[in-house]
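> Build me a structure from this.
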Amino acid sequence: MKTMKTTKAAIIALGLHILFISGWIGGFYFTGCNQYSPFGNNIFRIQWEVILAGYAAIVGGFFALQSAMYATKRAELRAAQRYCWKCTINLPYLADYIEDIAKSIIEEPESVSEISTDAAKFIEEQLPEPNDNVPHELIKVHDSLVKLIYTFKEILSLSKESGIDHVQEAVGSLKEIAEIIRLLQNKSDHWENICNRELL
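Residues are numbered from 1 along each chain as shown. Prediction:
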(Lines give C-alpha, C1' and ligand atoms only; values in the text may rest on other atoms or scores of the structure.)
Protein backbone atom coordinates (compact mmCIF):
# COMPACT_ATOMS: atom_id res chain seq x y z
CA MET A 1 0.00 0.00 0.00
CA LYS A 2 2.72 2.48 0.98
CA THR A 3 4.85 1.52 -2.03
CA MET A 4 1.89 2.15 -4.34
CA LYS A 5 1.33 5.60 -2.83
CA THR A 6 5.04 6.44 -3.19
CA THR A 7 5.06 5.32 -6.83
CA LYS A 8 2.00 7.44 -7.61
CA ALA A 9 3.63 10.46 -5.96
CA ALA A 10 6.80 9.94 -8.03
CA ILE A 11 4.79 9.66 -11.28
CA ILE A 12 2.83 12.82 -10.47
CA ALA A 13 6.03 14.73 -9.64
CA LEU A 14 7.67 13.52 -12.86
CA GLY A 15 4.59 14.49 -14.87
CA LEU A 16 4.61 18.00 -13.40
CA HIS A 17 8.28 18.41 -14.28
CA ILE A 18 7.61 17.26 -17.84
CA LEU A 19 4.76 19.77 -18.15
CA PHE A 20 7.04 22.51 -16.82
CA ILE A 21 9.81 21.70 -19.29
CA SER A 22 7.33 21.43 -22.17
CA GLY A 23 5.89 24.83 -21.28
CA TRP A 24 9.36 26.27 -20.96
CA ILE A 25 10.45 25.04 -24.39
CA GLY A 26 7.14 26.06 -25.96
CA GLY A 27 7.52 29.52 -24.47
CA PHE A 28 10.79 30.07 -26.30
CA TYR A 29 9.19 29.29 -29.64
CA PHE A 30 6.01 31.26 -29.11
CA THR A 31 7.94 34.35 -28.01
CA GLY A 32 10.47 33.98 -30.83
CA CYS A 33 13.41 33.88 -28.44
CA ASN A 34 15.50 31.42 -30.42
CA GLN A 35 18.92 32.44 -29.10
CA TYR A 36 18.61 30.00 -26.25
CA SER A 37 16.39 27.51 -28.07
CA PRO A 38 16.94 23.95 -26.84
CA PHE A 39 17.00 22.64 -30.41
CA GLY A 40 19.00 25.40 -32.11
CA ASN A 41 22.64 25.38 -33.19
CA ASN A 42 23.63 28.29 -30.98
CA ILE A 43 26.43 27.46 -28.54
CA PHE A 44 24.36 29.08 -25.78
CA ARG A 45 21.34 26.87 -26.36
CA ILE A 46 19.73 25.05 -23.43
CA GLN A 47 20.93 21.47 -23.65
CA TRP A 48 17.73 19.45 -23.32
CA GLU A 49 19.77 16.23 -23.41
CA VAL A 50 21.49 17.21 -20.16
CA ILE A 51 18.18 18.19 -18.54
CA LEU A 52 16.59 14.91 -19.59
CA ALA A 53 19.58 12.90 -18.34
CA GLY A 54 19.50 14.80 -15.04
CA TYR A 55 15.83 14.03 -14.50
CA ALA A 56 16.38 10.39 -15.41
CA ALA A 57 19.18 10.23 -12.82
CA ILE A 58 16.98 11.84 -10.16
CA VAL A 59 14.08 9.48 -10.84
CA GLY A 60 16.42 6.47 -10.93
CA GLY A 61 18.02 7.50 -7.63
CA PHE A 62 14.59 8.02 -6.09
CA PHE A 63 13.44 4.52 -6.96
CA ALA A 64 16.76 3.00 -5.86
CA LEU A 65 16.41 4.73 -2.47
CA GLN A 66 12.80 3.62 -2.14
CA SER A 67 13.78 0.03 -2.92
CA ALA A 68 16.52 0.05 -0.27
CA MET A 69 14.19 1.64 2.30
CA TYR A 70 11.46 -0.87 1.47
CA ALA A 71 13.81 -3.81 2.10
CA THR A 72 15.01 -2.28 5.39
CA LYS A 73 11.45 -1.58 6.51
CA ARG A 74 10.38 -5.16 5.82
CA ALA A 75 13.36 -6.51 7.79
CA GLU A 76 12.41 -4.28 10.75
CA LEU A 77 8.78 -5.40 10.55
CA ARG A 78 9.79 -9.06 10.51
CA ALA A 79 11.97 -8.55 13.60
CA ALA A 80 9.08 -6.87 15.43
CA GLN A 81 6.71 -9.56 14.18
CA ARG A 82 8.91 -12.33 15.62
CA TYR A 83 8.92 -10.69 19.06
CA CYS A 84 5.14 -10.21 19.03
CA TRP A 85 4.67 -13.81 17.92
CA LYS A 86 6.82 -15.08 20.82
CA CYS A 87 4.78 -12.97 23.23
CA THR A 88 1.44 -14.23 21.95
CA ILE A 89 2.69 -17.83 22.22
CA ASN A 90 4.57 -17.72 25.56
CA LEU A 91 2.75 -15.15 27.66
CA PRO A 92 -0.70 -16.76 28.06
CA TYR A 93 0.90 -19.87 29.58
CA LEU A 94 3.27 -17.76 31.65
CA ALA A 95 0.41 -15.71 33.13
CA ASP A 96 -1.51 -18.92 33.98
CA TYR A 97 1.64 -20.35 35.57
CA ILE A 98 2.14 -17.27 37.75
CA GLU A 99 -1.48 -17.33 38.92
CA ASP A 100 -1.08 -21.02 39.83
CA ILE A 101 2.09 -20.16 41.78
CA ALA A 102 0.20 -17.47 43.71
CA LYS A 103 -2.47 -20.04 44.66
CA SER A 104 0.23 -22.52 45.75
CA ILE A 105 1.80 -19.91 48.02
CA ILE A 106 -1.57 -19.21 49.65
CA GLU A 107 -2.13 -22.94 50.21
CA GLU A 108 1.45 -23.60 51.40
CA PRO A 109 2.72 -20.32 52.92
CA GLU A 110 5.65 -22.09 54.54
CA SER A 111 7.05 -22.84 51.05
CA VAL A 112 6.83 -19.26 49.80
CA SER A 113 10.59 -18.76 49.53
CA GLU A 114 11.32 -21.97 47.63
CA ILE A 115 8.32 -21.74 45.29
CA SER A 116 8.80 -18.05 44.55
CA THR A 117 12.52 -18.36 43.82
CA ASP A 118 11.86 -21.01 41.18
CA ALA A 119 8.99 -18.93 39.80
CA ALA A 120 11.13 -15.79 39.47
CA LYS A 121 13.79 -17.71 37.57
CA PHE A 122 11.22 -19.30 35.26
CA ILE A 123 9.53 -15.95 34.53
CA GLU A 124 12.84 -14.35 33.51
CA GLU A 125 13.66 -17.30 31.25
CA GLN A 126 10.28 -17.32 29.49
CA LEU A 127 9.84 -13.57 29.05
CA PRO A 128 10.81 -12.65 25.45
CA GLU A 129 13.50 -9.99 25.16
CA PRO A 130 12.52 -7.09 22.85
CA ASN A 131 14.80 -6.03 19.99
CA ASP A 132 15.44 -2.53 18.63
CA ASN A 133 12.58 -2.81 16.13
CA VAL A 134 9.86 -3.52 18.68
CA PRO A 135 7.28 -0.71 19.02
CA HIS A 136 8.02 1.67 21.90
CA GLU A 137 4.63 0.90 23.45
CA LEU A 138 5.63 -2.75 23.94
CA ILE A 139 9.08 -1.86 25.25
CA LYS A 140 7.51 0.35 27.92
CA VAL A 141 5.25 -2.49 29.10
CA HIS A 142 8.20 -4.92 29.06
CA ASP A 143 10.34 -2.53 31.12
CA SER A 144 7.57 -2.09 33.70
CA LEU A 145 7.29 -5.86 33.89
CA VAL A 146 11.04 -6.20 34.49
CA LYS A 147 10.75 -3.71 37.35
CA LEU A 148 7.91 -5.71 38.91
CA ILE A 149 9.96 -8.89 38.69
CA TYR A 150 12.85 -7.08 40.38
CA THR A 151 10.48 -5.94 43.16
CA PHE A 152 9.26 -9.49 43.56
CA LYS A 153 12.83 -10.76 43.92
CA GLU A 154 13.48 -8.07 46.54
CA ILE A 155 10.51 -9.39 48.54
CA LEU A 156 12.02 -12.88 48.40
CA SER A 157 15.41 -11.53 49.46
CA LEU A 158 13.78 -9.71 52.39
CA SER A 159 12.01 -12.90 53.44
CA LYS A 160 15.29 -14.82 53.53
CA GLU A 161 17.11 -12.11 55.49
CA SER A 162 14.36 -11.56 58.07
CA GLY A 163 13.25 -15.17 58.32
CA ILE A 164 9.66 -13.97 57.92
CA ASP A 165 7.56 -15.22 55.02
CA HIS A 166 6.05 -12.18 53.29
CA VAL A 167 3.21 -14.22 51.83
CA GLN A 168 0.75 -11.42 51.09
CA GLU A 169 3.42 -9.23 49.51
CA ALA A 170 4.65 -12.12 47.34
CA VAL A 171 1.13 -13.07 46.22
CA GLY A 172 0.24 -9.44 45.48
CA SER A 173 3.41 -8.97 43.47
CA LEU A 174 2.77 -12.15 41.47
CA LYS A 175 -0.79 -11.10 40.65
CA GLU A 176 0.47 -7.74 39.46
CA ILE A 177 3.08 -9.44 37.28
CA ALA A 178 0.42 -11.73 35.77
CA GLU A 179 -1.78 -8.71 35.02
CA ILE A 180 1.02 -6.85 33.21
CA ILE A 181 1.94 -10.01 31.32
CA ARG A 182 -1.60 -10.28 30.00
CA LEU A 183 -1.45 -6.60 29.03
CA LEU A 184 1.78 -7.23 27.10
CA GLN A 185 0.17 -10.25 25.46
CA ASN A 186 -2.83 -8.23 24.26
CA LYS A 187 -0.69 -5.38 22.93
CA SER A 188 1.65 -7.85 21.23
CA ASP A 189 -1.29 -9.54 19.54
CA HIS A 190 -2.46 -6.13 18.29
CA TRP A 191 0.98 -5.21 16.92
CA GLU A 192 1.46 -8.64 15.36
CA ASN A 193 -1.71 -8.05 13.32
CA ILE A 194 -0.35 -4.67 12.24
CA CYS A 195 2.96 -6.23 11.17
CA ASN A 196 1.13 -8.97 9.27
CA ARG A 197 -0.91 -6.39 7.34
CA GLU A 198 2.17 -4.30 6.54
CA LEU A 199 4.04 -7.36 5.25
CA LEU A 200 1.29 -8.43 2.84
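> Could you list the buried residues of the one helix or strand Ile139 maps to?
Here Ile139, judged by DSSP states H and E, is contained in helix 136-162. Across helix 136-162, burial judged by 16 or more other CB atoms under 10 Å covers 138, 141-142, 145, 148-149, 152-153, 155-156, 159. For the C-beta atoms, the positions are set from N, CA and C on the backbone; glycine is no exception.
> would you turn these into CSV with distance to Ala53 and pLDDT?
Shown next, in CSV, are those (distance: CB to CB, whole Å; pLDDT from 0 to 100):
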residue, distance to Ala53, pLDDT
Leu138, 47, 93
Val141, 53, 93
His142, 52, 93
Leu145, 57, 91
Leu148, 62, 90
Ile149, 62, 88
Phe152, 67, 86
Lys153, 66, 84
Ile155, 72, 80
Leu156, 72, 77
Ser159, 77, 66
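> out of those, which one sits closest to Leu52?
Relative to Leu52, the closest of those is Leu138; by CB to CB it sits at 48.6 Å.
> Please name the residues that touch the residue nearest to the closest one when sequence neighbours are not counted.
What sits nearest to Leu138 in space, not counting adjacent residues and going by CB to CB, 6 or more residues apart in numbering, is Lys187, at 5.8 Å. Shown in contact with Lys187 (CB atoms under 8 Å, 6 or more residues apart in numbering): 137-138, 141.
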